[in-house]
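*Asks:* got a predicted model here, sequence first, then my questions.
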Amino acid sequence: MIAVVVGLFGLVIGSFLNVVIHRVPIRQSIVWPSSRCPSCGERIKSFDNLPVLSYLVLRGRCRNCKARISPRYPLVEALTGLLFALAAYEFGLSLALVWALVLISVLVALAGTDLEHRLLPNAIVAPAAVVGLALSAARDPGGWWVYLVSAVAVAAGLFALALAYPGGMGMGDVKMGGMLGAFLGSYAALAVFVGALVGAVVGGVLMVTGAIQRRSALPFGVFLALAGVFTLFLGQEMWGWYLRLIGGT
């Protein structure tokens, strides 16, 4: 029941994240004006703004001008709701759940902005890093320094890579890596590794199929976000498996 309630709450948060994804990269307020159709500018009524359901009822079109609504909107809402429900099932009612829900929200928003605008806005990354450090310190008061050191170390490592390969990584990726360190501590290194691995595989497949050229840039923030979610739920198990592998047990 807790997972269901939190999942429904996640649908609402997902609707808000759609506003963040659309407005923050173009420096518009996320509070005012209220939601409007991007095509005709008509204000969206409350009964047409229900997460996922309204999209299905309207068959993916604006009620006023009939312009097609991007499927990104219900996908973000459904994904956020699903991840919130999984987090509630995994962490229960605890401070860890709050920490997980904040991280999930930030990662969904950053993945959306990077995929749609090729941007990882400072307006999202910087406050998230501060909140992440605060929540991590509250969860683990004795090890708060681990998260601070991890944030600096991961950002420094990615910065070195950005200098070495300027076409493959931007400063937004560097800052996002530091933010992951603030939330995940030393497991952020695992997230970066998984993100780079998945990005390399996807990029290789796209090049083989001719979808992109050899020097085409991929939105690495999307892969970092995916790896961040993976590490949130499976990081400890993955690290334990790796240690057993190299230890021969």
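*Replies:* Now that the structure is in, tell me what you want to look at. It should be emphasised that the depicted structure is a prediction, and the values quoted were computed from it without experimental measurement.
*Asks:* tell me how far stretch 37-48 lies from the chain's centre.
*Replies:* On the basis of Cα atoms, centre = their mean, to the nearest Å, stretch 37-48 sits 26 Å off its chain's mean C-alpha point.
*Asks:* can you give me the helices for this structure?
*Replies:* For the chain, the helices defined by DSSP state H cover 2-23, 53-57, 72-91, 95-117, 122-139, 144-164, 171-184, 187-208, 220-247.
*Asks:* now do the shortest one: everything it contacts.
*Replies:* Applying Cβ atoms under 8 Å, 6 or more residues apart in numbering, the contact partners of helix 53-57 are F47, D48, I69, P71, Y73, P74. Every residue, glycine included, has its C-beta placed from N, CA and C.
*Asks:* what pLDDT does the last one get?
*Replies:* Put plainly, it is P74. pLDDT recorded at P74 is 95.
*Asks:* show the contacting residues for it.
*Replies:* Counted by Cβ under 8 Å, 6+ apart, P74 has contacts P51, V52, Y55, L56.
*Asks:* run the last query once more with 6 Å
*Replies:* The contact partners of P74, taken as Cβ atoms under 6 Å, 6 or more residues apart in numbering, are V52, Y55.
*Asks:* so how far is D114 from it?
*Replies:* 19 Å (Cβ to Cβ, to the nearest Å).
*Asks:* quickly note the distance from the residue most central in space within the chain to V146.
*Replies:* Residue closest to the average C-alpha location in the chain (Cα atoms, centre = their mean): L107, at 1.5 Å. As for L107, its distance to V146 is 20 Å (criterion: Cβ to Cβ).
*Asks:* and I69, by the same measure?
*Replies:* 44 Å.
*Asks:* more neighbours, those two?
*Replies:* I69 (18 against 15; other Cβ atoms under 10 Å).
*Asks:* burial check on the closest residue to that one other than its chain neighbours, number of neighbours?
*Replies:* Nearest non-adjacent residue to I69, counting by Cβ to Cβ, 6 or more residues apart in numbering: G60, 5.1 Å away. Under the neighbour criterion other Cβ under 10 Å, G60 is assigned a count of 14.
*Asks:* also the one 3 residues further on?
*Replies:* In terms of burial, R63 registers 14 neighbours under the definition other Cβ under 10 Å.
*Asks:* tell me how far the nearest residue to it once chain neighbours are set aside lies from R23.
*Replies:* Excluding its sequence neighbours, the residue lying closest to R63 (Cβ to Cβ, 6+ apart) is D48, at 5.7 Å. For D48, the distance to R23 equals 19 Å [Cβ to Cβ].
*Asks:* neighbour count for these two, which is higher?
*Replies:* D48 (18 against 14).
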